[in-house]
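> Okay, here's the prediction I keep looking at, along with the sequence it came from:
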Amino acid sequence: MKLNREREEEVIRFTQEMVRCPGFSGDESATAAVVARQMKKLGFDTVEVDRWGSVIGVRRGARPGPTFVFDGHMDVVPIHMPELWRCEPYGAEIADGKIWGIGTSDMKSGLAACLCAAAFVDRAEIAGTIVVTATVAEELMIGRGLGKILEGRKVDAVMTCEPTRAKRLAVAGVGRTTVEMSVHGLVAHSSQPHLGDNAVYRAMDASERIRKMPRRQDAFFGTDVIELVEIKSRPSPGNGSVPDHCWVLWECRLFPGETRETFLNRFHAAIKGFHGAEKVNLKIGRIVIDCYTGERLDCEDFLKAWTTPPEEPFRKLVEQALLQTGIQAEPVIFRGCTNANISAGEMGIPSLVYGPGNLDLAHKPNEHVEIEELLLSVKAYGRMIELMDQYG
Ligand SMILES: [Zn+2]
């Protein structure tokens, strides 16, 4: 793949164009239009928008080979603390060798880099099929947009182009879930609490047991996280009444091997034998998002952890490509969840995370991406595509 000055400028320009499109989860239409136009302009064989609004571009090689997906999400998070931004969040200004703005690191630069790399490699150099997916709703509902695309499609591997500073290769990722605890009691006037059954006290006792239950340790992943993040009670406002209902939300990070059942069983074991345990219900949380196309995404908030081991052919190919691009990529665990939690964790498709930008800057004022990392990752993705004939 040749990356001349003109092509470098095209990658930078396209990144800026996407950053200038606002678009939270469920409202990605402006970015989707820009992505589809760019895919057509750069000569993708097919470009389609699915029911949920994700854009799928396909480039077929001259020879048979594997199908690799390069994925990036199009949505960004809302601007928090605008007073701390020193630049226009949707300005995509260039200064100090960086592009500044929301979504630069997370992850319009990664999407721009993989889309351009897929187009820049000559068809004659490609063995197999490249699918570039620009997915919706990732910031609120990780993975489901990509999951819809992968269902019923034969795919050998997925590259998630989330930020790893273009120097690290994430070969594993923690899972996540929310657990909703619903606790029941009996309402009564607060002057006569003995006539009621206070659901908040019961929730506090149950929460204390869950808080103290053993955490799992793993040499690679560390300690798993089970953290209480929200409490609501009913009636609300509560003046005058003993509450008859309390709702507690737990947010958790999961290790490989943990399933919905094994995880909920740990909670059940923690509250077993406790007085009133039968009035405590536990379930996995749900998320619902209305897409800009009018479709709805509705799913359980549960993502398995994932790992792609050293002997896996896709990992070998990617490590080879990075070396040949001059990158000594250190294998790391990705600390956030990504679309790889669906492709690898849920669907068992070998996946890796590599891309320009810095996860530490994501969702924060003055987000930016180093142009050097952006261009380096175009080269790296290009090399991965050129090595497809050596896959397996
Ligand atoms: Zn992201």
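Yes, it's here.
> Is E138 part of a helix or strand, or is it coil?
coil (DSSP: H, G, I helix; E, B strand; the rest coil).
> What distance do you get for the most centrally placed residue in the chain to the ion?
Centroid check for the chain by C-alpha atoms, centre = their mean gives T338 as the closest residue, at 2.5 Å. Counting by C-beta to the ion, to the nearest Å, the gap from T338 to the ion is 7 Å. Backbone N, C-alpha and C define where each C-beta goes, glycine included.
> In which helix or strand does that residue reside?
Here T338, judged by DSSP states H and E, is contained in no helix and no strand.
> got a list of what it touches?
138, 142-143, 160, 162, 173, 353 (C-beta atoms under 8 Å, 6 or more residues apart in numbering).
> and if we set it to 6 Å?
Counting by C-beta atoms under 6 Å, 6 or more residues apart in numbering, T338 touches 160, 162, 353.
> what residues go with each domain of this protein?
5-173+306-390, 175-290 (automatic domain parsing).
> neighbours around K232, how many?
K232 sits with 12 neighbouring residues when counted by other C-beta atoms under 10 Å.
> Nearest residue to it in space, please, no chain neighbours.
Using C-beta to C-beta, 6 or more residues apart in numbering and skipping residues adjacent in sequence, the residue nearest K232 is W247, 4.7 Å away.
> Now that that neighbour has come up, it's in contact with I231, right?
No. W247 lies out of contact with I231 (C-beta atoms under 6 Å); the separation is 7.2 Å.
> Count the residues that sit near A203.
By other C-beta under 10 Å, the residues close to A203 number 25.
> Need the three-state assignment for it.
Look at A203: counting by three-state DSSP, its state is helix.
> Is it in contact with W247, as I believe?
No. Between A203 and W247 there is no contact under C-beta under 6 Å: 8.1 Å.
> thinking again about what came up before, now do the residue nearest to K232 against K283, distance only.
Distance, W247 to K283, using C-beta to C-beta, to the nearest Å: 11 Å.
> M181 too?
M181 is 8 Å from K283, by C-beta to C-beta.
> So for the two, which residue has more residues nearby?
Shown here are M181 and K283; by other C-beta under 10 Å, M181 has more neighbours (21 against 14).
> What does the more buried one show for phi and psi?
phi -110, psi 120 (degrees, to the nearest 10).
> likewise S54?
Per degrees, to the nearest 10, the backbone of S54 is at phi -70, psi 150.
> So for it, what's the pLDDT?
On pLDDT, S54 comes in at 98.
> and if you look at D218?
For D218, the predicted pLDDT is 89.
> And for G392?
85.
> ok, it to the ion distance?
For G392, the distance to the ion - C-beta to the ion - is 30 Å.
> Need the nearest residue in space to that residue, chain neighbours excluded.
Per C-beta to C-beta, 6+ apart, closest to G392 is P313, 5.1 Å.
> mind showing which ranges of the chain have poor pLDDT?
Flagging of the chain using pLDDT under 70 yields an empty set of residue ranges.
> Residue numbers of it in contact with the ion?
Within the chain, the residues that sit near the ion (C-beta under 5 Å from the ion) are 106-107.
> Which parts of the chain are helices?
Under the criterion DSSP state H, helices of the chain are mapped to 5-19, 29-41, 109-120, 144-150, 199-212, 260-271, 313-324, 340, 371-386.
> now these in CSV, with distance to W100?
Below are the helices of the chain laid out as CSV (distance: least, C-beta to C-beta, whole Å):
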stretch, distance to W100
helix 5-19, 9
helix 29-41, 18
helix 109-120, 11
helix 144-150, 26
helix 199-212, 41
helix 260-271, 40
helix 313-324, 27
helix 340, 27
helix 371-386, 11
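> can you tell which of these is closest to G91?
Among the helices of the chain, helix 5-19 comes nearest to G91, with 7.9 Å by C-beta to C-beta.
> Give me the angle between the closest one and helix 109-120.
On the basis of axes from the mean of the first three to the mean of the last three C-alpha atoms, to 10 degrees, helix 5-19 is oriented at 140 degrees to helix 109-120.
> and the domains of the chain, which is most packed in?
Highest mean neighbour count of these: domain 5-173+306-390, a mean of 21 (counted as mean count of other C-beta atoms under 10 Å).
> ok now that one, how far from the chain's centre?
11 Å (C-alpha atoms, centre = their mean, to the nearest Å).
> on that earlier part again, show me which of the contacts of T338 is closest to the ion.
E162 (5.1 Å; C-beta to the ion).
> D106 is in contact with that closest one, correct?
No. Counting by C-beta under 6 Å, E162 does not reach D106; the two are 7.2 Å apart.
> wait, what's in contact with the residue found closest to M1 once you drop the neighbours it is linked to in the chain?
Nearest non-adjacent residue to M1, counting by C-beta to C-beta, 6+ apart: G382, 3.5 Å away. Contacts for G382 (C-beta under 6 Å, 6+ apart) come out as 1, 117, 121.
> quick one: which of these is nearest to the ion?
Proximity of those to the ion (C-beta to the ion) peaks at A117, which lies at 18.6 Å.
> Look up how far L297 lies from the closest one.
29 Å.
> now R144
R144 is 5 Å from L297, by C-beta to C-beta.
> repeat for N341
15 Å.
> cool, A36 as well?
20 Å.
> Could you find the closest non-adjacent residue to G103?
V76 is the one closest to G103 (C-beta to C-beta, 6+ apart), at 3.9 Å.
> Verify the stated contact: that neighbour with S105.
No. In this structure, V76 is not within contact of S105 by C-beta under 6 Å, at 10.4 Å.
> now the residue nearest to I149 when sequence neighbours are not counted, which residues is it bridged with?
Nearest-residue entry for I149: T133, 5.3 Å, with adjacent residues in sequence omitted and distances by C-beta to C-beta, 6+ apart. Beta bridges link T133 to I56, D71, judged by DSSP bridges.
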